[in-house]
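> how would this look folded up:
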Amino acid sequence: DALPLAAMQCVLVGAATLGIASATAGAAPWDLPFGKLLLPKADASSFFEAWAVPATVAYTGIWGTAATIWIEATVLKRLPIVD
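Here you go, the predicted structure:
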C-alpha cells in the first residue's frame, strides 16, 4: 500500500522543515513563533490579507507534500519493474 510510505515521507519532510526553521530562527523548535505563523493576522485590512500565510502553509503542507507523495507512490506501484 502506498499510504504508509507517503506517511513516512511526510513525517520526514515535516521534521526536516522544522529543523531548517529552527536553525534559521536560531531557536529550539518549541520556541518558534507558531502562533504568528498559523493564526490569521488580527490587524489585516481584508479577509485575504488575514489568511494569506495560513492558507499558504496549508496548501504547501497538505497538498504540496502529502498529496504529491501519495500520488507518486500510487503511480509507481502500478509501473512495471524494468532493469
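> Now tell me which helix or strand of this structure has the poorest mean pLDDT.
Taking mean pLDDT, DSSP states H and E as the measure, helix 34-38 is the helix or strand of the chain with the lowest mean score, a mean of 71.
> roughly how far is stretch 47-54 from the heart of the chain?
Put simply, stretch 47-54 sits 17 Å off its chain's centre (CA atoms, centre = their mean, to the nearest Å).
> May I see the buried residues of that stretch?
Of the residues in stretch 47-54, those buried under the neighbour-count criterion (16 or more other CB atoms under 10 Å) are residue 50. Where C-beta positions appear, they are placed from N, C-alpha and C, glycine not excepted.
> And for stretch 65-79?
Taking 16+ other CB under 10 Å as the basis for neighbour counts, the residues of stretch 65-79 that come out buried are 65, 66, 69, 70, 73.
> cool, stretch 9-25 as well?
Of the residues in stretch 9-25, those buried under the neighbour-count criterion (16+ other CB under 10 Å) are 9, 10.
> Give me the pLDDT value at the most centrally placed residue in the chain.
The centre of the chain sits closest to residue 61, judged by CA atoms, centre = their mean, with a distance of 2.4 Å. Listed pLDDT for residue 61 reads 76.
> how about the helices in the protein?
Assigned helices in the chain, in chain order: 2-25, 34-38, 47-50, 52-58, 68-78 (criterion: DSSP state H).
> related to what we said a few turns ago, could you report the distance from the nearest residue to the residue nearest to the centre of the chain once chain neighbours are set aside to residue 24?
Here the nearest residue to residue 61 in space, its sequence neighbours aside, is residue 14; by CB to CB, 6 or more residues apart in numbering that works out to 8.0 Å. In this structure, residue 14 lies at 16 Å from residue 24, with CB to CB, to the nearest Å as the measure.
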